[in-house]
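Novice: sequence-free structure coming up:
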């Protein structure tokens, strides 16, 4: 090929390039309507936000447990009736709501929950996993302290009261005969005779099912001579809350003792001193 032909070829190549004619080996341009492909941006997980949510949930759980524990310790606790000693007022399996804040202000006629004053109950403590679980629930205040060592009875006499039973079904407090409308049908006030004066700081208690209640009458040879120390009183049973068809307000007792006069101060008890005579 001559130099002139080579020049002609170079001139044509330059013209073709300047005129926009694609040459072999050139990349084809993208149409204007199709944007260039881009890799998606990486997703960044907000680790701090998840951690904050976990802390918030944990704080909520702790708060709920704390409020529940305080409520059950100082305001209200529920107990399940284990025996027939309070029939027909309370039946086996009933759940009662007990107020704790007024445990030092009980009156005659109140139904109270109290811890064993000493030798009233014969309780077998749980063992193994059951014991561990119980202790954990007690520590969280989801179960009451001294679980399994509680009794429920009605207050018949408070500090200074003179309580007498003639053993023939007549009961008097401070010389006034009491007509106990809450007693189980067919029951008399007491077929066990006793004559006691309640010491200050104590109460005398009896079950509404008088012929089937191991109450103050039958523990006069034990510590405190059958009287219950106020320090052992957990609270006052106010309502039957379960089962629903037995829902009831336990407010009848105080009315029964409305006409009982006051009393004078009395001495402290000594074990086995209140022999009922």
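Specialist: That came through fine. A quick note: this is a predicted structure, and the numbers were derived from the prediction, not measured.
Novice: use CA for all of it now, contacts and neighbours both
Specialist: Fine.
Novice: OK, contacts around residue 103?
Specialist: 230, 233-236 (CA atoms under 8 Å, 6 or more residues apart in numbering).
Novice: between those residues, identify the one with the most neighbours.
Specialist: Neighbour count (other CA atoms under 10 Å) singles out residue 236 as the most crowded of those, with 29 neighbours.
Novice: a markdown table for the contacts of residue 103, including distance to residue 85 and secondary structure?
Specialist: Listed next are those as a markdown table, based on distance: CA to CA, whole Å; DSSP: H, G, I helix; E, B strand; the rest coil:
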| residue | distance to residue 85 | secondary structure |
| --- | --- | --- |
| 230 | 21 | helix |
| 233 | 18 | strand |
| 234 | 18 | strand |
| 235 | 18 | strand |
| 236 | 17 | strand |
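Novice: pick out the most distant pair among these.
Specialist: Farthest-apart pair in those is 230 and 236; separation 11.8 Å (CA to CA).
Novice: hang on, the earlier thing: between the contacts of residue 103, which sits nearest residue 198?
Specialist: Nearest member of the contacts of residue 103 to residue 198, counting by CA to CA, is residue 230, at 11.7 Å.
Novice: do I have it right that the closest one meets residue 105?
Specialist: No - assessed by CA atoms under 8 Å, residue 230 is found out of contact with residue 105, at 9.1 Å.
Novice: now residue 174: closest residue in space that isn't a chain neighbour?
Specialist: Residue nearest to residue 174 in three dimensions, not counting chain neighbours: residue 162, with 4.9 Å by CA to CA, 6 or more residues apart in numbering.
Novice: okay, now that neighbour: neighbour count?
Specialist: Residue 162 has 22 nearby residues by other CA under 10 Å.
Novice: could you say which helix or strand contains residue 112?
Specialist: Using DSSP states H and E, residue 112 sits in strand 111-115.
Novice: please enumerate the strands of the stretch 101-250 of the chain.
Specialist: Taking DSSP state E, counting those that start in this stretch as the criterion, the stretch 101-250 of the chain contains strands spanning 111-115, 150-158, 162-165, 171-173, 176-177, 194-197, 202-206, 228-229, 233-242, 248-249.
Novice: and stretch 110-121, how far apart are its ends?
Specialist: Using CA to CA, to the nearest Å, the end-to-end distance of stretch 110-121 comes out at 21 Å.
Novice: residue contacts, residue 55?
Specialist: Here residue 55 is in contact with no residue (CA under 8 Å, 6+ apart).
Novice: helix, strand or coil: sort out it for me.
Specialist: helix (DSSP: H, G, I helix; E, B strand; the rest coil).
Novice: with the one 3 residues further on instead?
Specialist: Look at residue 58: counting by three-state DSSP, its state is helix.
Novice: any idea how far it lies from residue 67?
Specialist: The value you get for residue 58 to residue 67, if CA to CA is used, is 14 Å.
Novice: residue 245 too?
Specialist: On the measure of CA to CA, residue 245 and residue 67 end up 29 Å apart.
Novice: which one's more surrounded, these two?
Specialist: Neighbour count, other CA under 10 Å: between residue 245 and residue 67, residue 67 has more, with 11 against 8.
Novice: and the pLDDT at the more buried one?
Specialist: Residue 67 carries a pLDDT value of 75.
Novice: which residues does the nearest residue to residue 203 once chain neighbours are set aside contact?
Specialist: Closest residue to residue 203 apart from its sequence neighbours, by CA to CA, 6+ apart: residue 158 at 4.6 Å. Residue 158 makes contact with 107-108, 198-204 under the criterion CA under 8 Å, 6+ apart.
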